[in-house]
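> A structural model of the following input is requested.
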Amino acid sequence: MKLASTLFVIASALAFGQASPPASTTVDINGKAITIKYSAPSVKGRQMLGKGGRISKDPTYPIWRLGANSATTLHTTANLDINGTNVPAGDYTLYAKIDEDAWMLVINKQTGQWGTEYDASKDQGRAKMMMSHPASKVETLKIELSKKGGNKGELTIEFEDTKATVPFTVK
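Just a heads-up that it's a prediction; the model follows:
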């Protein structure tokens, strides 16, 4: 028991000591689980989004890995319709095609890669996101899945002064 406690403390320290610590969001809709796992970077006084921002220097730009480190993952036990894009149950990598006016959520079938490895030929599809601004500046990237009633849900991404949302339906 003591070894397990020690290992937990070490693992927690490593996770929370990271510059972009691991984060996740899960929602259950009609008995089906949808989960997104990502690494959450922080602004730390830097410009992250927009022309000349740190993200614009990624080798895949304007495709962004929606986080830091390893690619952001989506696991769904349900077939989904993400704003008109069919996504069968399974595992995917999420990216966003970003520009100043609009974002597209990119659902990619390649999994297990580092976040800056993107193969467009593996795209399952792309879904237009609705753009707005959060109530206040968001220091650390936040991705959230939420229920919207019945078989409906919403994916929200907030970072810096940007908020992007996309509706989805559990089929």
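> alpha carbons only for contacts and neighbour counts from here, please
Noted.
> show me what counts as buried in the longest strand along the chain.
In the chain, taking DSSP state E as the definition, the longest strand is strand 138-149. Buried residues in strand 138-149, defined by neighbour count with 16 or more other CA atoms under 10 Å: 138-147.
> now render the residues you listed as a markdown table, adding distance to Lys32.
Formatted as a markdown table, the buried residues of strand 138-149 follow (distance: CA to CA, whole Å):
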| residue | distance to Lys32 |
| --- | --- |
| Val138 | 30 |
| Glu139 | 31 |
| Thr140 | 28 |
| Leu141 | 25 |
| Lys142 | 22 |
| Ile143 | 19 |
| Glu144 | 16 |
| Leu145 | 13 |
| Ser146 | 13 |
| Lys147 | 12 |
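> right, and the pair among these with maximum separation?
Spanning the widest gap among the buried residues of strand 138-149 are Glu139 and Lys147, at 24.4 Å by CA to CA.
> can you give me the strands for the protein?
Using DSSP E, strands in the chain cover 22-29, 32-39, 63-64, 72-76, 80-82, 85-87, 90-98, 103-108, 123-128, 130-132, 138-149, 152-160, 162-170.
> which of those strands sits closest to Met48?
strand 152-160 (7.3 Å).
> against which helices or strands is the closest one packed?
strand 138-149, strand 162-170 (3 or more CA pairs under 8 Å, 6 or more residues apart in numbering; DSSP states H and E).
> which residue is nearest the centroid of this protein?
Closest to where the C-alpha atoms of the chain average out (CA atoms, centre = their mean) is Leu66, at 4.8 Å.
> could you find the closest non-adjacent residue to it?
Spatial nearest neighbour of Leu66, chain neighbours left out: Tyr95 (5.4 Å); criterion: CA to CA, 6 or more residues apart in numbering.
> pLDDT at that neighbour, what is it?
Looking at Tyr95, its pLDDT is 97.
> Phe16 too?
50.
> got it, and Gly125?
Reported pLDDT for Gly125: 98.
> in this structure, where is pLDDT below threshold?
For the chain, the stretches with pLDDT under 70 are 1-18.
> as JSON lines, the strands of the chain with distance to Arg54 would be great.
Shown next, in JSON lines, are those (distance: least, CA to CA, whole Å):
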{"stretch": "strand 22-29", "distance to Arg54": "20"}
{"stretch": "strand 32-39", "distance to Arg54": "16"}
{"stretch": "strand 63-64", "distance to Arg54": "11"}
{"stretch": "strand 72-76", "distance to Arg54": "18"}
{"stretch": "strand 80-82", "distance to Arg54": "28"}
{"stretch": "strand 85-87", "distance to Arg54": "29"}
{"stretch": "strand 90-98", "distance to Arg54": "13"}
{"stretch": "strand 103-108", "distance to Arg54": "17"}
{"stretch": "strand 123-128", "distance to Arg54": "23"}
{"stretch": "strand 130-132", "distance to Arg54": "20"}
{"stretch": "strand 138-149", "distance to Arg54": "14"}
{"stretch": "strand 152-160", "distance to Arg54": "12"}
{"stretch": "strand 162-170", "distance to Arg54": "15"}
